[in-house]
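Visitor: need a 3D model of the following:
(chains A and B)
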Amino acid sequence: MAPVAPRSGDAIFASVERVNAELFTLTYGAIVRQLLTDLEEVEEVNKQLDQMGYNIGIRLIDEFLAKSNVSRCVDFKETAEVIAKVGFKMFLGVTASVTNWDADGMSCSLILEDNPLVDFVELPDTCQGLYYCNILSGVIRGALEMVSMKTEVTWVRDMLRGDDAFELQVKLLKQVSEEYPYKDDEYSEV
Amino acid sequence: MAAIYSLYIINKSGGLIFYKDYGSAGRMDTNDSLRLASLWHSMHAISQQLSPIGGCMGIELLEADTFDLHCFQSLTGTKFFVVSEPGTQHVEGLLKHIYELYTDYVLKNPFYEMEMPIRCELFDINLAQAVQKDRVAFLGR
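Guide: Numbers count the residues shown, from 1 in each chain, chains lettered A, B, ... in the order given. Predicted coordinates:
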């Protein structure tokens, strides 16, 4: 009865409500700028962006599941493909490619050639340690945690730091058992 | 007579976070609804383990003489279930729609705290419309 998982998010992207891309980009920029002012330390801003992303991710996953009609993924490889092709398309309007699988299929890279968050951004010298898009890594970590996958998501390449693409490494740490009894504390704030 | 008697939403730990009844049949007080929710949560979990079929996701439909109970569990563990008149059709579609309303009007509300009882007016309004539409469709059949 489960419908076949869509291989791309185009149809969903076309049907959901969207906002002006520039408004989105500028709003995100304003948030990062405000965090830099409030927290002063670049490291703290990275941490805060990741936490904000996590908080978004744990809610976003349900919208993703409700509207994308994807069914349970059989393995982590499928999960990565679904994030890259359906998830990114649905929420950011771009798709990512999945590469750099390690031998045991526990870690891979999501590569973004196009990233609407950074359209007008140039990192000043004072912010060289900043992972400007760190909110994205938090979103992925939070979303996967709600479907019982503990992951670690880190930036490998960042165009704002002079690389040729955005590359996120997603590493599956462990799969939390879904069998009853659930351990509530596994889902508490990290 | 209403097709849908009542709607329950339970969080992944089995706590009732939303209850609404439609019409007089099967109305319950707060204690009973909480009891039913946690009972269903446990029965659902037990059914997964008892099922002879591997990868079973738990009871989807319970048919009784006086009511049907349709249950939908999201992959994140939140359960939505509807108690309806026996033989009511297309409840899966309604549950799926309620899940979408939940993601739109509950989870996107920045002041809603995860896993806590749902008190969101927009959700109530949109839910009422969805159930009303379902009822009209039911009467039209």
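Visitor: which elements pack onto the helix or strand of chain B with the lowest mean pLDDT?
Guide: Across the helices and strands of chain B, the lowest-confidence element by mean pLDDT, DSSP states H and E is helix B:121-140, at a mean of 86. Applying 3 or more CB pairs under 8 Å, 6 or more residues apart in numbering or on different chains; DSSP states H and E, one finds that helix B:121-140 contacts strand B:4-10, helix B:91-102. Yep, even glycine has a C-beta here, placed from its N, CA and C like the rest.
Visitor: same list (these) but as JSON lines, adding mean neighbour count, mean pLDDT and distance to chain A.
Guide: What follows is the helices and strands packed on helix B:121-140, written out as JSON lines (neighbours: other CB atoms under 10 Å in any protein chain shown; pLDDT from 0 to 100; distance: least, CB to the nearest CB, whole Å):
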{"stretch": "strand B:4-10", "mean neighbour count": "23", "mean pLDDT": "94", "distance to chain A": "12"}
{"stretch": "helix B:91-102", "mean neighbour count": "19", "mean pLDDT": "95", "distance to chain A": "5"}
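Visitor: and of those, who's closest to A:D119?
Guide: Minimum separation from A:D119 across the helices and strands packed on helix B:121-140 (CB to CB) falls at helix B:91-102, 30.3 Å.
Visitor: what angle separates the closest one from helix B:121-140?
Guide: In this structure, helix B:91-102 runs at an angle of 160 degrees to helix B:121-140, with axes from the mean of the first three to the mean of the last three CA atoms, to 10 degrees as the basis.
Visitor: just the residues contacting helix B:91-102, thanks.
Guide: Applying CB atoms under 8 Å, 6 or more residues apart in numbering or on different chains, the contact partners of helix B:91-102 are A:62-63, A:66-67, B:4, B:7, B:9, B:68, B:70-72, B:74, B:78, B:80-82, B:84, B:118, B:123, B:126-127, B:130-131, B:134.
Visitor: Throw together a ChimeraX command that grabs the buried residues out of those residues.
Guide: Selecting only the buried members of these in ChimeraX, with burial defined as 16 or more other CB atoms under 10 Å in any protein chain shown, works like this:
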select /A:62,63,66,67 /B:4,7,9,68,70,71,72,74,78,80,81,82,84,118,123,126,127,130,131,134
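Visitor: work out for me the element the spatially most central residue of chain B sits within.
Guide: In chain B, the C-alpha nearest the mean C-alpha coordinate belongs to B:F81, at 2.3 Å (CA atoms, centre = their mean). Here B:F81 sits within strand B:79-84, counting by DSSP states H and E.
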